[in-house]
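Asks: Return a 3D structure for these sequence lines:
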Amino acid sequence: MGFEPARREHTGIDTEEVIHGGRDAVGASNRDRQMILNHKAAIEFLVENAADIAFDRYTLMSLHGLLAENLLQNRDDEGRLRTSPVTIGASLFTPTAIPQVIDERFNALLHTAAAIVDPMEQSFFAMVHLPYLQPFIDVNKRTSRLAANIPLIKANLCPLSFVDVPETLYAQGTLAVYELRDVSLLRDVFAWAYESEIFSAVDGRWNNLWPHSLRESVLLGTKRSWSTGHWCGRPNWRPESRARGRWRSVGGRAVESGGDSIRKGLRAHRGWPCVLLGEQHGIGSWRADR
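Replies: Purely as a prediction, here's the structure:
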């Protein structure tokens, strides 16, 4: 996970060198180096406090404070909800600028996230709604991507780093949420990213396990909590996955890929992906639908 931020933020530096070399690493600007070391500290915080982290104010504020350290104009904004307006790059979407409303919606977001039982749904929920609310003055997407790992770490599932996800797809998926309140593309990116993460783990760390153990620990681990449902994905968007074929041949048997299972699971939560994004009817509608 520590290797993702440099590529995601277009720094193009040797992230591994910064992680191991610290502030003395060659070829990195002070800001790039600080950003990567902040990610390292935030990841360590999640892992070392796995039993205690949750979707609560302490965890999210601590996570943002670690990620934003020495990167904001005002140090007081580190780990604190914003009190001023923000804009989002090329998007026309303007998040609410009223501090009381931000606080109220942030509390509602945490309460709703904590009520979700399924770790994959919790993860995707955080990745969608934290950037949409923009509760912090900056570093919202980075906070959301690490917050998405909270339920995965607590459930002892493979973490999600987005290492293999093209930047344009992630950006387009996020923009669709901002502009259209449509999570379908981001859902596809999420499923694909997690599938890729699983295969990276299989190829890099678990190649010495017996196929049956591999299937039990990875495949069933990602599928164990999904309801059955019909997948109605985007017919014209099929990201390539070089590992898909290897997955289906694990143990000499044809098995369903992890990404297909994740997509079915997200689709099975009827009505959920398309609600909770409105200014007035969001969380109430989600609760009613559930």
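
Asks: and R80, how many neighbours does it have?
Replies: The burial metric for R80, expressed as a neighbour count using other C-beta atoms under 10 Å, is 17. In this view, the C-beta of every residue, glycine as well, is placed from N, C-alpha and C.

Asks: List the contacts of it.
Replies: Taking C-beta atoms under 8 Å, 6 or more residues apart in numbering, we find R80 in contact with 61, 65, 136.

Asks: K40: neighbour count?
Replies: Burial measure for K40: 19 neighbouring residues, criterion other C-beta under 10 Å.

Asks: any idea which element it lies in?
Replies: Element membership of K40, judged by DSSP states H and E, is helix 30-48.

Asks: Repeat that for P131.
Replies: Following DSSP H and E, the helix or strand that holds P131 is helix 119-133.

Asks: Where does pLDDT dip in the protein?
Replies: Applying pLDDT under 70 to the chain flags residues 1-28, 201-290.

Asks: Okay, buried residues for the biggest helix by length in it please.
Replies: Identified as the longest helix of the chain according to DSSP state H is helix 184-204. By neighbour count, with 16 or more other C-beta atoms under 10 Å as the criterion, the buried positions of helix 184-204 are 184-199, 201-202.

Asks: Same check on stretch 149-164?
Replies: Of the residues in stretch 149-164, those buried (16+ other C-beta under 10 Å) are 149-155, 157-162, 164.

Asks: Then stretch 96-109?
Replies: For stretch 96-109, the buried set under the neighbour-count rule, 16+ other C-beta under 10 Å, comprises 96, 102, 105-106, 108-109.

Asks: Next step: those restricted to helices.
Replies: Among the buried residues of stretch 96-109, the residues falling in helices (DSSP H) are 102, 105-106, 108-109.

Asks: re earlier: relative to helix 119-133, how tilted is the longest helix of the chain?
Replies: Taking axes from the mean of the first three to the mean of the last three C-alpha atoms, to 10 degrees, one finds that helix 184-204 is oriented at 130 degrees with respect to helix 119-133.

Asks: So which elements touch helix 184-204?
Replies: For helix 184-204, the helices and strands in contact under the criterion 3 or more C-beta pairs under 8 Å, 6 or more residues apart in numbering; DSSP states H and E are helix 119-133, helix 167-180, helix 244-248, helix 258-268.

Asks: Alpha carbons of it, as CSV, please.
Replies: Below are the C-alpha coordinates for helix 184-204, written out as CSV (Å, rounded to 0.1, in the frame of the first residue of the first chain):
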residue,chain,number,x,y,z
SER,A,184,-21.5,2.4,-11.4
LEU,A,185,-18.1,3.2,-12.9
LEU,A,186,-16.4,3.6,-9.5
ARG,A,187,-18.0,0.3,-8.5
ASP,A,188,-16.4,-1.4,-11.5
VAL,A,189,-13.0,0.1,-10.7
PHE,A,190,-13.3,-1.0,-7.1
ALA,A,191,-14.1,-4.6,-8.0
TRP,A,192,-11.3,-4.7,-10.6
ALA,A,193,-8.8,-3.1,-8.2
TYR,A,194,-9.6,-5.7,-5.5
GLU,A,195,-9.4,-8.6,-7.9
SER,A,196,-6.0,-7.3,-9.1
GLU,A,197,-4.9,-6.9,-5.5
ILE,A,198,-5.8,-10.5,-4.7
PHE,A,199,-3.8,-11.8,-7.6
SER,A,200,-0.8,-9.7,-6.7
ALA,A,201,-0.9,-11.3,-3.3
VAL,A,202,-1.2,-14.7,-4.9
ASP,A,203,1.7,-14.2,-7.3
GLY,A,204,4.0,-12.4,-4.9
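
Asks: got the angle between that helix and helix 167-180?
Replies: Using the same axes, to 10 degrees: helix 184-204 against helix 167-180 is 150 degrees.

Asks: before we move on, the earlier item: among the buried residues of stretch 149-164, which are in helices?
Replies: Among those, the members falling in helices are 150-154 (criterion: DSSP H).

Asks: Let me have the residues you listed in JSON lines, extended by distance to Q34.
Replies: Putting those into JSON lines (distance: C-beta to C-beta, whole Å) gives the following:
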{"residue": "I150", "distance to Q34": "23"}
{"residue": "P151", "distance to Q34": "28"}
{"residue": "L152", "distance to Q34": "26"}
{"residue": "I153", "distance to Q34": "24"}
{"residue": "K154", "distance to Q34": "28"}
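
Asks: and of those residues, the nearest to D56?
Replies: Nearest to D56 among these: I150, at 9.9 Å, using C-beta to C-beta.

Asks: Looks like the closest one contacts M127 (just checking).
Replies: No. Between I150 and M127 there is no contact, the gap being 11.0 Å when judged by C-beta atoms under 8 Å.
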